[in-house]
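[1] Okay, structure incoming, though there's no sequence with it:
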C-alpha cells in the first residue's frame, strides 16, 4: 500500500503543478480588460467573454491559496491580483453585494441575486489578504462576510419567486458554505463569532439537514428541520452532501471530536453507496429521496466536481479513521475519475460526462466550471496522502 | 402512398382517442381537491401533487378543443370544467396575473413571474368559452389577454435578474405564442387588434428572429433585431423554431400568402437538417449557433414535444407545398418518434430520452409535460393527413 500511496501522491501533485495550473495561467488571463476568461474550449480557446463572479472569485482564491500553502511564487500572486483588481473595480453593486456576472469589460450583466457570489468573493479577498498582508483586501472580505450574515435568513431576498408563507424551505448550501467561510477568514473575525458560526453550522448540517431514516443529507428542509414531500424537499445532491462531509471532518479535527468525524465518514460512505451508478460507474448528480423522477434533466450525468470532492472526503476519512471502506472506495472513485475526466490531449479536465461516461461537453471551463474544484482537490488530496504516509511511517 | 397515408391517419387518431386521452381521464383528475395531477409515473400513479398553472391551463384547453373539434362528448367537457373551476378559484394573484404553481389544495407556491402561465390560461378559458358559450369564461380569457399585451414589452418585470441596460435582449417565445393566442380567441377580440398582432408577429418571427446567414431562428436578439454574441444570443432551440413554423403556415393559409408558407417550410427543413442527430437519430434540444458548448446540460437529449411539433410542421408543409422533402422527413421523424416515445406497456408517451434514445425519466407527466403536446399533435396530424388525403383524391 505504501507504494500505491506514493504513486497517487505524485499523480495528484504533478497533475496540479504541471498540467492544471499551467492551463489556467496560459489561457485564462484577460490581459486587455482584466479578470479571467473562464469559458475555455477543449484546447483552452476562449468561446465566450462573459465574467462570472463565482468563478472570478474562485480563481483568485485558488492562486492565493497556492501562494500561501504550496510556495510563494510571484507568478501565482500576480495571477491572483489580476483577478482581484477586476473584481474590486467592477464586481459590486452600490450596496456592496456582488453581481452574478459581468461583461468582458466589467459592466454588470446579472443582478446580485445570488449570495454565493458574495461567498466566493469573501474567500477570494480573505485568502489574498493573507498572501499580501494588504488590509484593503481584508476589509473587503470582512465587509462582505458581514453582509452575508445579515442576509442569511433570507438569502434570495427580493429575487425569490416563492410565495414564502405557503411552503417555506431552507437550503443546505448556505450553512454548509458558511462554516467553510468562517474558517477561511478566521483571523479577520471575532473568535466568538467564529465559534458560534461553526457550532450552528455543524448542528444544521449533521442534524437539521440529516435525514435519519435514509442516513442521507437533504438539500431542502422546512424551517423547523422537517422533511417536505415536494420536489425540493425530496432532492438529493450527493456531491454536495459529500463535499460538506469533508468540511465537517475538518471541524471535527479542529474540535478533536472523534464522534463527529466518524459520523461524517459514515454519511460519506452511505451517500456514495446510495448514489453510485452500479451499471456505468460514477456518482449521479441528482436523486429523489423517494425514487420519484427528479426535475433536473441532468440528474444522471457525471460531473467533475462531484467526483473530486468525493476523493477528498474519502482520503480525509481514511486518514482520520483508517476505515478500510474509505480506502477501497477511494481507489474505485479514483479509477473512475482519472479514466474519464482528465484530458490527455490538451490538458486540464473535462467537466461534464453523460451517464455512460462519454463527454457531454468538451469545455474546460464555462459558466460554472473554472479554476477551483480540480486544483483544490488535487492540492488537498496530495497533502492528505502525505499525512496518510506520515502516519503509516510513524 | 395512399395506403401509407391511411395507415398513418388511423395510427394518430387511434392513439389519441384510445390511448392518450383515456390515460389522462383515468389518472389525472384530482376528485378530492379539484384540478389535475400532472406528476404521473410510468403507470399513471401520482408521484407529486403540486399543480402547475401551465399544465392546468393546457389540459383545460386540450379537453375543450376535443369537445369543440372532434365531437361534443359530455365527459370531455366535464374534464375541462373540472380544471377550469380550480384555476378560476385559485390561479390568480390579486392583480389578475396567474401564479406559476399551486399546492394540491390551490395555495399559491410560485409567484406570477412567468407570462406563459397567463398565455395558457387565456387559451384554456378561450377554448372553454367556445364549448360552453359561457361569457364568464370568455371574460377571463379576454382580461388575461389584455394583461399579457400590457406586459409584453417587459414580460419578466420585477422578476428579471438581468441588468437591462447592459445587454438588452428580447425573447422569441412571446411573439411566437401571441400570434397563436390571438387566433385562439379571435372572436373575443377586435378584428383590427387581431390583424395588427398577427402582422407584428409574422414580422418578428420571420424577419427579426430569423438569422439570414444560417437560415435559422434565434431564441434571443437585441431590441433592434441584431445577433448578440453571448450564450443567450447564440442559443438555438430547434423544436421551438419548428413549432413556430407551423403557426406561421396557418397564418399563411389564412392570408393566402404562398411565399410566407414556402419560407416557413424552408426554415423547417433547414432547422431539421441542422439539428438532426446524424449518429443516433432524433432532434437535439439545444444548440449554439457558433458551435460553442451550450449552457444547457440537457442539450443533446431528445424531447417528446420537439418531435411531435416537427411532425405537425412537416405534414402541414407537405399539405401546402407538396414538397417531397417534407414527406421524406415526415416518415423519418415519424419512425424515430413512434419507435422511442410511446409506451406500449402502460400507455401514453415517455417525454425525456437521452441522446441515444434510451429513457431518461420514466414519467408520463411532470412539471412541464402534461396533457397537451402529444394530444394536440395527434389531433392536428390526424386532421392534416385527412386533408392530404382529400387533396390527393380531388
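    Great, that's in hand. Since we're looking at a predicted model, the values are computed, not measured.

[2] how about residue A:360, secondary structure?
    strand (DSSP: H, G, I helix; E, B strand; the rest coil).

[3] mind checking pLDDT for it?
    At residue A:360, the model reports a pLDDT of 98.

[4] try the one 3 residues further on
    The score at residue A:363 is 98. That number is its pLDDT.

[5] That one sits in which helix or strand?
    Counting by DSSP states H and E, no helix or strand carries residue A:363.

[6] which strands and helices sit next to the least confident helix or strand in chain A by mean pLDDT?
    For chain A, counting by mean pLDDT, DSSP states H and E, helix A:173-184 ranks last in confidence among helices and strands (a mean of 90). On a contact count with 3 or more Cβ pairs under 8 Å, 6 or more residues apart in numbering or on different chains; DSSP states H and E, helix A:173-184 meets helix A:115-132, helix A:135-151, helix A:191-203, helix A:238-255. All C-beta atoms are positioned from the backbone trio N, CA, C, and that covers glycine.

[7] Is the second one positioned near chain B?
    No - no part of helix A:135-151 sits close enough to chain B to count as contact by Cβ under 8 Å from any Cβ of the partner chain; the gap is at least 16.0 Å.

[8] Need the residues that contact that helix.
    A:84, A:88, A:96-98, A:115, A:118-119, A:121-126, A:128-129, A:157, A:178, A:181-182, A:185, A:188-189 (Cβ atoms under 8 Å, 6 or more residues apart in numbering or on different chains).

[9] what's the answer for stretch A:9-27, then?
    Stretch A:9-27 is contacted by residues A:36-37, A:40, A:44-46, A:59, A:66, A:70, A:75-76, A:79, A:338, A:342, A:347-349, A:364, A:371, A:374-375, A:378-379, A:381-382, A:385-386, A:389 when judged by Cβ under 8 Å, 6+ apart.

[10] Just the buried ones among the residues you listed, please.
    A:36-37, A:40, A:44, A:46, A:59, A:66, A:70, A:76, A:79, A:338, A:342, A:347-349, A:364, A:371, A:374-375, A:378-379, A:381-382, A:385-386, A:389 (16 or more other Cβ atoms under 10 Å in any protein chain shown).

[11] quick one: which of the residues you listed sit in helices?
    Residues of the buried ones among the contacts of stretch A:9-27 located in helices (DSSP state H): A:59, A:66, A:76, A:79, A:338, A:374-375, A:378-379, A:381-382, A:385-386, A:389.

[12] Name the SS class of residue A:292, please.
    For residue A:292, the assignment made with three-state DSSP gives coil.

[13] how far away is it from chain B?
    4 Å (Cβ to the nearest Cβ, to the nearest Å).

[14] try residue A:321
    Relative to chain B, residue A:321 is positioned 35 Å away (Cβ to the nearest Cβ).

[15] which residues does that residue contact?
    Residue A:321 neighbours (Cβ under 8 Å, 6+ apart): A:261-262, A:265.

[16] for residue A:236, same thing?
    A:216-219, A:274-275, A:286-289.

[17] Quick check: chain neighbours aside, which residue is closest to it?
    Spatially, and ignoring its direct neighbours in sequence, residue A:236 is nearest to residue A:287 (4.3 Å; Cβ to Cβ, 6 or more residues apart in numbering or on different chains).

[18] what about the one you found, how many residues close to it?
    When counting by other Cβ atoms under 10 Å in any protein chain shown, one arrives at 22 neighbours for residue A:287.

[19] and if you look at residue A:193?
    With other Cβ under 10 Å as criterion, residue A:193 counts 14.

[20] Could you do residue A:392 as well?
    Neighbours around residue A:392, by other Cβ under 10 Å: 11.

[21] For it, pull up the helix or strand it's in.
    In this structure, residue A:392 is located in helix A:373-393 according to DSSP H and E.

[22] try residue A:166
    Applying DSSP H and E, one finds residue A:166 in no helix or strand.

[23] Show only the entries of the contacts of residue A:236 found in helices.
    Short answer: these in helices (DSSP H) are A:274-275.

[24] got the contacts of residue A:236 as JSON lines, with pLDDT columns?
    What follows is the contacts of residue A:236, written out as JSON lines (pLDDT from 0 to 100):
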{"residue": "A:216", "pLDDT": "98"}
{"residue": "A:217", "pLDDT": "98"}
{"residue": "A:218", "pLDDT": "98"}
{"residue": "A:219", "pLDDT": "98"}
{"residue": "A:274", "pLDDT": "98"}
{"residue": "A:275", "pLDDT": "98"}
{"residue": "A:286", "pLDDT": "98"}
{"residue": "A:287", "pLDDT": "98"}
{"residue": "A:288", "pLDDT": "98"}
{"residue": "A:289", "pLDDT": "98"}
